[in-house]
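Engineer: attaching a predicted model along with its sequence, questions to come.
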Amino acid sequence: MNKIYVGIDISKEKCNLCYRRGLEIVREEECLNEIKALKKAIKAALKAVEAMEEEVLICAEYTGRYIYPLTVTCQELDLFLWLDDPTRIKNSMGLTRGKNDAIDAARIAEYAFRYSDKAVRYSIPDAALVSMKNLLSDREFLLIDKKRYQAQLSDQKRYMDPIDFKHKSTRWKKVIRSIEEQIASIDAEIDALIAADPVLSRQKELLVSIDGIGNRIAINMIAITGGFTRFQNARQFCSFAGLTPYRYDSGTSVRSKAKISKRSNQTMKALLHLSAVTVATRMKEGEYRDYYERKLKEGKHVMCVMNVLRAKLVHRMFSVIKRDTEYTKQYKPAC
């Protein structure tokens, strides 16, 4: 059983640390968000509170790239690190007043103590997967910029002098070409990373064997699922991607239809939706199109049918990875 619960509030420049023994705060401090500074601070604190490494549970919010120094520190010191969803930690606190970094660290430490039975040890993903996620993040950023500049060309032509628009168009087209070159470079880097890793290469090969799954959705799926290690099954991923409908009932008066939650990964949800639209309406034939047309004739709402198709695609992606076999339309029982 853990005796020392450490709550860490992470920001860009610094980290606030709160050490609890049960509900009693035994130490609070602040240090730079750097590997060297964190190692020095944690070592000194454990010595001061007379705790061994195996007695410590460190809890922090998952805040994207800012967690990197802490993850490396905990790995090198062999400390149990639990990174949880910020919304879950916030909602667990109930009604609170006041907020600063030191208070947040204390609340995170209390959360670690109260919910230690739910702690899951964080492990740094494979280097290729980390690089893929970083490249995909940069790619998404560039795509947003590209759309913004393209909108300047399509939306403002009618509302300015033709000569001014010509100069404007020339400038933005150069920027768009530059962005497209950078996107192509990122795509080449991602392809090289996958080609150099036999496991990732095999996973991509299996995924693209499914109708409606192309290179882009396959690459994003591998990166987001951590090479299909982050989720135990397709049902968990469907919930993560916002494909699972939930009911909201209370007493005898509140009766709601099952609805999908807006707490989801919007990037993955959008890619899956585009894939579902393609297999349902763009393919000339196939089981997806047959299912889509049959359900519409039965009176089902179009978005309800699309959501089922998105879930079908997810289940098939997890299935081919689990079986390590390319997708086939001919069903073969396991027996």
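Structural biologist: Structure's in. What do you need?
Engineer: Arg21: neighbour count?
Structural biologist: 16 (other C-beta atoms under 10 Å). In this view, the C-beta of every residue, glycine as well, is placed from N, C-alpha and C.
Engineer: repeat that for Leu135.
Structural biologist: When neighbours are counted by other C-beta under 10 Å, Leu135 registers 18.
Engineer: and stretch 123-135, which residues are buried?
Structural biologist: Within stretch 123-135, the residues that count as buried by 16 or more other C-beta atoms under 10 Å are Pro125, Ala128, Leu129, Met132, Lys133, Leu135.
Engineer: so who does the fourth one touch?
Structural biologist: Contacts of Met132 were listed using C-beta atoms under 8 Å, 6 or more residues apart in numbering, and they are Ile190, Leu193, Ile194, Leu200, Ile219, Ile222, Ala223.
Engineer: list just the nearest of those to Lys3.
Structural biologist: Among the contacts of Met132, Ala223 lies closest to Lys3 (C-beta to C-beta), at 37.3 Å.
Engineer: how far away is the closest one from Asp197?
Structural biologist: According to C-beta to C-beta, to the nearest Å, Ala223 stands 12 Å off from Asp197.
Engineer: now Glu76
Structural biologist: 24 Å.
Engineer: circling back: any chance of the contacts of Met132 in TSV, plus neighbour count, secondary structure and pLDDT?
Structural biologist: Listed next are the contacts of Met132 as TSV, based on neighbours: other C-beta atoms under 10 Å; DSSP: H, G, I helix; E, B strand; the rest coil; pLDDT from 0 to 100:
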residue	neighbour count	secondary structure	pLDDT
Ile190	22	helix	94
Leu193	18	helix	93
Ile194	22	helix	94
Leu200	21	helix	93
Ile219	25	helix	94
Ile222	26	helix	94
Ala223	23	helix	92
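Engineer: so Ile179 makes contact with Gln150?
Structural biologist: No - with contact defined as C-beta atoms under 8 Å, Ile179 does not reach Gln150; the gap is 9.8 Å.
Engineer: where along this protein do the helices fall?
Structural biologist: Under the criterion DSSP state H, helices of the chain are mapped to 35-48, 68-77, 86-92, 101-114, 127-155, 162-196, 198-207, 215-224, 234-240, 266-277, 287-297, 302-323.
Engineer: ok, and the closest non-adjacent residue to Pro86?
Structural biologist: Spatially, and ignoring its direct neighbours in sequence, Pro86 is nearest to Glu61 (4.2 Å; C-beta to C-beta, 6 or more residues apart in numbering).
Engineer: quick check: buried residues in stretch 100-108?
Structural biologist: Quick answer for stretch 100-108 (16+ other C-beta under 10 Å): Asp104, Ala105, Ala106, Arg107, Ile108.
Engineer: OK, contacts around the third one?
Structural biologist: With C-beta under 8 Å, 6+ apart as the criterion, the residues that contact Ala106 are Gly7, Cys18, Arg20, Ile25, Glu28.
Engineer: what about 6 Å?
Structural biologist: Cys18 (C-beta atoms under 6 Å, 6 or more residues apart in numbering).
Engineer: repeat for the last one
Structural biologist: Residues counted as contacts of Ile108 (C-beta under 6 Å, 6+ apart) are Gly7, Cys59.
Engineer: could you measure it against Asn134, distance?
Structural biologist: 26 Å.
Engineer: same question for the fourth one.
Structural biologist: When C-beta to C-beta is the yardstick, Arg107 and Asn134 sit 30 Å from each other.
Engineer: gap between the residue lying closest to Ile124 once chain neighbours are set aside and Ile4?
Structural biologist: Leaving aside its sequence neighbours, Ile124 sits nearest to Thr71 (C-beta to C-beta, 6+ apart; 5.4 Å). Distance, Thr71 to Ile4, using C-beta to C-beta: 19 Å.
Engineer: show me which of these two is the more surrounded one.
Structural biologist: Using other C-beta under 10 Å as the criterion, Thr71 and Ile4 rank with Ile4 on top: 24 against 17.
Engineer: contacts only, for that one.
Structural biologist: Taking C-beta under 6 Å, 6+ apart as the criterion, Ile4 is in contact with Tyr19, Ala51, Glu55, Val56.
Engineer: for the second one, what are its contacts?
Structural biologist: If you count contacts by C-beta under 6 Å, 6+ apart, Ala51 has them with Ile4.
Engineer: need the buried residues of stretch 100-108 in a markdown table (columns: pLDDT and distance to Tyr246).
Structural biologist: Shown next, in a markdown table, are these (pLDDT from 0 to 100; distance: C-beta to C-beta, whole Å):
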| residue | pLDDT | distance to Tyr246 |
| --- | --- | --- |
| Asp104 | 93 | 29 |
| Ala105 | 94 | 33 |
| Ala106 | 94 | 33 |
| Arg107 | 94 | 28 |
| Ile108 | 95 | 28 |
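Engineer: is Cys31 bridged to anything, and to what?
Structural biologist: Cys15 (DSSP bridges).
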